[in-house]
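Asker: heads up, no residue letters with this:
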Ligand code: UD1
């Protein structure tokens, strides 16, 4: 059995990936410093799996602690999620983002390398593509200059991985570029737990529906799109987690075609903000309080994935429907509210 270290494994994406890895026959070591999450999702993961998992409370900015972790376990592959992810906060406090997101990744790669773990998967983002009019975006599409320090850390970490793979014999890297991950596990035992006011659309919708927020603001209805609202590629969190299993398996089985590979993780289908809102209302049989607000600075008009490379190389494709995903997001919000 191969062992995968999941850094940031107690967070939203990390917890769903942990479940899918274990259910696919991997040993998983979860590591997190709980700086941006509590134990809810880690406990939910153990409930879903019906057993305890090794948990290491580690800050990957601590090089010695990172090294000790790789010394303690025989790790075949590491998936690196541990990072800060709030776009607005990164603009207000760039050093927090450059310090944490870059240092932790450098430490993970160094420790992995020192202990013979040659397989490194990095959690990247479609944000690296920026505003582009050639849609859908393929993995070959050019990256645009980052519009926030957060986005810049994703680009720099991709470059760090690419350069390390080139320089150090034996190391393999995969960067997965996520589009917009949404939804929750069908068990409603794990899901997204935003701290404070959510910046992302779906948590804002579910919190409005439950009565925690008064009204959803739809940021702009005058974009050059069919209904005037922005287009995104919303990818179900369980589908996204399964893409990680496919990518890790490709690495540990030695099936990579290049030492450094990049894959889009999306559905390939653009959905507008308005469509998402009306689908949420329809599936969950409720009315959402919303209003049209001015555009949000920094938003791109439209972006969605070309998924052909992932389908061919990873043998992976998104399968959950938007209806199922939005029902799962609502089930999770109700569960949190004890309803
Ligand atoms: C954002 C980040 C991206 C990050 C991703 C993580 C920006 C510019 N980009 O993507 O870097 O990787 O989250 O999931 O912040 N919207 C509303 N009302 C709301 C919230 C959002 O109308 O209250 C709209 C936005 O204008 C956008 C869409 O919903 O058109 C999706 O927004 P969001 O969930 O924040 O994701 P992105 O901005 O696409």
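Answerer: Cool, got the structure. Note that the coordinates shown come from a computational prediction; the quantities given were computed from them, not determined experimentally. Residues are numbered from 1 along each chain as shown.

Asker: use CA for all of it now, contacts and neighbours both
Answerer: Will do.

Asker: Residue 332 touches residue 182, doesn't it?
Answerer: No: look at residue 332 against residue 182 with Cα atoms under 8 Å: they stay out of range, at 11.5 Å.

Asker: got the residues of the stretch 1-150 of the chain near the ligand?
Answerer: 87, 125, 127 (Cα under 6 Å from any ligand atom).

Asker: Disregarding flanking residues, what is the spatial nearest neighbour of residue 207?
Answerer: Distances taken as Cα to Cα, 6 or more residues apart in numbering put residue 213 closest to residue 207, at 5.7 Å, once the chain neighbours are dropped.

Asker: The one you found in helix, strand or coil?
Answerer: Here residue 213 is recorded as coil under DSSP: H, G, I helix; E, B strand; the rest coil.

Asker: where along the stretch 51-200 of the chain do the helices fall?
Answerer: Along the stretch 51-200 of the chain, the segments classed as helices by DSSP state H, counting those that start in this stretch run 63-72, 87-92, 94-97, 103-114, 149-167.

Asker: lowest-confidence stretch among these?
Answerer: Lowest mean pLDDT within the helices of the stretch 51-200 of the chain: helix 87-92, at a mean of 94.

Asker: May I see the buried residues of that helix?
Answerer: 87, 90 (16 or more other Cα atoms under 10 Å).

Asker: which helices and strands does it pack with?
Answerer: Secondary-structure packing of helix 87-92 (3 or more Cα pairs under 8 Å, 6 or more residues apart in numbering; DSSP states H and E): helix 149-167.

Asker: who touches stretch 318-331?
Answerer: Residues from elsewhere that reach stretch 318-331 (Cα atoms under 8 Å, 6 or more residues apart in numbering): 182-186, 188, 191, 202-203, 206, 234-236, 239-240, 266-267, 279-280, 283-284.

Asker: how far does that stretch sit from the chain's center?
Answerer: Centroid displacement of stretch 318-331 relative to its chain, using Cα atoms, centre = their mean, to the nearest Å, is 16 Å.

Asker: residue ranges for the strands of the stretch 201-339 of the chain, please.
Answerer: Applying DSSP state E, counting those that start in this stretch to the stretch 201-339 of the chain gives strands spanning 216-219, 231-232, 234-236, 260-265, 271-272, 290-293.

Asker: For these, state which one has the densest average packing.
Answerer: strand 234-236 (a mean of 26; mean count of other Cα atoms under 10 Å).

Asker: ok, residue 198 - how many residues close by?
Answerer: Residue 198: 15 surrounding residues under other Cα atoms under 10 Å.

Asker: Quick one: residues contacting it.
Answerer: By Cα under 8 Å, 6+ apart, residue 198 lies in contact with residue 204.

Asker: and if we set it to 10 Å?
Answerer: 86, 204, 205, 207, 213 (Cα atoms under 10 Å, 6 or more residues apart in numbering).

Asker: The first one contacts residue 199, correct?
Answerer: Yes: proximity of residue 86 to residue 199 meets the contact threshold set by Cα atoms under 10 Å, at 7.8 Å.

Asker: who's more crowded, those two?
Answerer: residue 86 (16 against 13).

Asker: Could you verify my assumption that residue 38 touches residue 15?
Answerer: No: taking contacts as Cα under 10 Å, residue 38 lies outside contact range of residue 15: 11.7 Å.
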